[in-house]
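**Student:** dropping the sequence and predicted coords here.
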Amino acid sequence: MTNSIATAWHELSVQDELGVWQLRSMHPDDLMPGPLCLRVDWRLGGQGGAWCGPSNNVYTEVDHQRATPLGRAVSLIVDSRSVKGELGIKVVYALCEDPPLFLWRTSLTNRSSEAVFLDRLVLLQTIEGDDDVSVSSPKSGSRTWSPRRYDRMQAQGVDDARWAFYCTGWQSWTFAGTLTPQQRMPRTRLGLLTEPVQVSHGTQLPRRTGFFSSDMFGVVASRKTRRGLLAGFLSQERCFGAFDVCFLPRGASMRLWLNGDGVRLDPGHTFESDWACLQFVDLDAADPLETYLDSVEKVSGSRADGDTPAGWCSWYQYFQGITQADVLRSMHWAQEHRTTVPLDVLQIDDGFQAEVGDWLEWDHQSFPLGMDQLADEIERVGFKAGLWLAPFIAKPGASVLAEHEDWILRRPNGKPSPAGYLWDTFPRALDVTHPEVQEHLRKVMYTVVHEWGYRYLKLDFLYAGALPGERFDPTKTRAQALRGALELIREVAGEDAVLVGCGCPLGSGVGIFDSMRIGPDVATHWLPEYRGLGFLLRSEPGLPSCRNAIQTSLARAHLHGRWWANDPDCILLRDSDTSLTPSEVQTLATVVSLSGGAMMVSDDLGLLSKKRVSWLQRLLPLLPKAARVVDLFDSQPPSILFLPLRGSIGNWWLIAAINWLDSDADLEVSPNVQGHLELPDVSAHGVRFLALREHGAHAQWVGDTLHTSQGLGVKNVERGERHLQFAVDYQRALRGRVWLKSPAGITQIAFEGEPQPWHQITEDVYCVDLDFPRGGKLLVRWN
Ligand code: 9PG
């Protein structure tokens, strides 16, 4: 029997006997998947079991008002059982109208008398149109994914130039970007050194051309029809999940699945999956992924409305050699420059602790004041004290491991679960489901926040809480283990602490973190390198490098202000002791500024030249929102950012275009359908950054170097017949050049009543240099 439900947006039909379902959009241009099916794989008494659709004991119900995380929705509930009856499988499909999103999830109940171990929950897989039979006859638990068994998008065959797949990696440092069928997935080639760090256990690492995988959500898109299909999950609290796509000559095969991690489901117990969802995407909409991204935020309660951090971080200057003296030097500099460069956080990174893992002991020679008094000192002079911790990981020599061998997460063979190669060693992960580890985490967090007084915490290497292993609590998936530990940390730290996630599986952090690192580490070099091995590492997508940090952050710009405040990693402004060119420094600073996210500077501030300090000043205060990466679905790496702004001087656009080439190049952007801008001679790895405004017959503000916004500090404009007066205020000193247009010429420019010299640039454009301790009124007169 076929059951259908519909709304103004979508229509769903489910064929009971075959377990085949299909979703149609009412919008004829939308990219629709063909017939789909579900699948569950498990083990019971040493035997594999699989279910591929409700061929047995089906019961279907329609509920017009069923509660979902996005409000009430018309729903279809299909209750069925596995062939041998050991597993009860309930699927709820829901068509939400506001937002227009299709949701579904499965609940599995163990109806046998023995434990069931859950391997995989496939929520969507495309099927061969003429091969339905293979779908309804369950085959037992093979773990491989054979794309030959799935089939086409309902759209025509795959033409290389037309298709694209947007993928986002598992954690902060994993690759994100848009790929085409003739490309391969960028992946690490360093095996056990980096794979446990960057890749979710079980997620495909496809090597073949046109085969891709994305964690949490992904988008298949047609560049020609400008339509796409987003498949993903509304939360990652119960399972890690991925969207796998392969482009084959006859169509695109897709699979959206959750990793059960082999967790134990006891008799009578039910395991509910996270909600899966599909969104039809218009690639040319102002904010194409808005419906999905906002829904994730709604479900987990984002913390994006707090203040976005601006401050200093010790890591990229001092690394593990940081001392109290270095911190105090930067603090004094920030104190002296407060009126020109208003920073609010001073964050001590890795290096204060006695050993990675032993957080409550420190090196008394390097930090004689002690970590508590140092925090007091930082707070006393008016900054937020920040500290780095990697709570789920420890170096092999740490006393926490010597004293508690049983806290280490281990593989079934008893060896520690690989956590990657870090700090020139192989560190261990803690089993965060162990009650003693949880007690230890409570103590560490309580001490650091409530006794020492650090209000800003950068919590790093969090993926270590979600590595595969035999856990104290075998009923918890890796995602549940991590989420539980993150919730515990937030609970102990309190609502007021600013928590920054780093090295963190992204979906697990929504609702926990105020800010999240969304890309790999920056570095004072453009390409990845390690001990002179640059040539081998160039294409590593997750290793520290300026290029990797910028590219990944651009691909995740849309998360800002929704799931958290994005942290695109630090800016590095130094002009000595770096191999970054001035153009590369500008590209990094421009992208970080236009991200609207956190801005941490990681230089020895006292060593910055005057010019570089003036660059830093222009970046503060932070921009109020993120720019849109307009070519996200069209180029890899993306290179064009637009940010529409509105203020008392009208509406304008900030536009940045990046030259990714290794040589100077002419760039072109099309801000609208009617026109394009030619941007000649942009230097290698450099950026052209400008403000675009309409110009009329009257006098007006044209642009400035006061601030990256080029105008948000103009709080008020007074227009007279022969004058214009701008009230300018950035809540700091005012330094830079302002360009003004005046068709009738200029007779006087004055700031706070004092006449200022000006220069004529073109027939009707003039400029004036300002250097004042604070904002004020800029007056322009003509005859
Ligand atoms: C401190 C650093 C900084 C940095 C973090 C994180 O693969 N690795 O060897 C690797 C080492 C360090 C690292 C990332 C990866 O950086 O992102 O900002 O806090 O830890 O150790």
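**Tutor:** Everything's here; your move. All figures in this text were calculated on a predicted structure; none of them were measured in a lab.
**Student:** would you map the strands across the stretch 201-350 of the chain?
**Tutor:** Counting by DSSP state E, counting those that start in this stretch, the stretch 201-350 of the chain has strands at residues 211-215, 217-222, 227-233, 241-248, 251-265, 270-272, 276-282, 310-313, 345-348.
**Student:** which residues does the third one contact?
**Tutor:** Think strand 227-233. Outside strand 227-233, the residues within contact range by CB atoms under 8 Å, 6 or more residues apart in numbering are 29-33, 124, 153, 166, 216-222, 241, 243, 254, 256, 258, 274-283, 288-289, 292, 507, 633. C-beta: built from backbone N, CA, C; applies to glycine.
**Student:** and for stretch 433-442?
**Tutor:** Here stretch 433-442 makes contact (CB under 8 Å, 6+ apart) with 391, 400, 404, 406-407, 430-432, 471-473, 476, 481, 484-485, 488-489, 492.
**Student:** check which residues of it are buried.
**Tutor:** Buried residues in stretch 433-442, counted by 16 or more other CB atoms under 10 Å: Thr433, His434, Val437, Gln438, His440, Leu441.
**Student:** between those, which is nearest Gly511?
**Tutor:** Nearest to Gly511, judged by CB to CB, of those is Leu441 at 18.3 Å.
**Student:** how close does the closest one get to the ligand?
**Tutor:** Distance, Leu441 to the ligand, by CB to the nearest ligand atom, to the nearest Å: 19 Å.
**Student:** I'd assumed that residue was in a helix, is it?
**Tutor:** Yes. Assessed with DSSP: H, G, I helix; E, B strand; the rest coil, Leu441 lies in a helix.
**Student:** could you check the pLDDT of it?
**Tutor:** With respect to pLDDT, Leu441 scores 98.
**Student:** which ones are touching the residue of the stretch 151-300 of the chain at minimum distance from the ligand?
**Tutor:** In the stretch 151-300 of the chain, the residue that lies nearest the ligand is Val197 (5.7 Å; CB to the nearest ligand atom). Counting by CB under 8 Å, 6+ apart, Val197 makes contact with Gln171, Trp173, Ala419, Gly420, Leu422, Tyr463, Gly503, Gly542.
**Student:** can I assume the third one is in contact with Thr425?
**Tutor:** Which is Ala419. No. With contact defined as CB atoms under 8 Å, Ala419 does not reach Thr425; the gap is 10.2 Å.
**Student:** quick check on these two: which one has the bigger neighbour count.
**Tutor:** Ala419 (24 against 11; other CB atoms under 10 Å).
**Student:** name the nearest residue to that one, sequence neighbours excluded.
**Tutor:** Closest residue in space to Ala419, ignoring its immediate chain neighbours: Ala429 at 4.6 Å, by CB to CB, 6 or more residues apart in numbering.
**Student:** spit out the contact partners of the one you found.
**Tutor:** Counting by CB under 8 Å, 6+ apart, Ala429 has contacts Phe392, Ile393, Ile408, Leu409, Pro416, Ser417, Ala419, Ala464, Gly465, Leu467, Gly469.
**Student:** equivalent analysis for Gly647, please.
**Tutor:** By CB under 8 Å, 6+ apart, Gly647 lies in contact with Ser709, Gly711, Leu712, Val714.
**Student:** now swap in Met599 and tell me
**Tutor:** Contacts of Met599 by CB under 8 Å, 6+ apart are Thr308, Pro309, Ala310, Gly311, Ile571, Val592, Ser593, Leu619, Leu620, Leu622.
**Student:** backbone phi and psi for the nearest residue to the third one once chain neighbours are set aside, please?
**Tutor:** Beyond its immediate neighbours in the sequence, the residue positioned closest to Ala310 (CB to CB, 6+ apart) is Met599, lying 4.8 Å away. In terms of degrees, to the nearest 10, the main-chain angles of Met599 are phi -130, psi 100.
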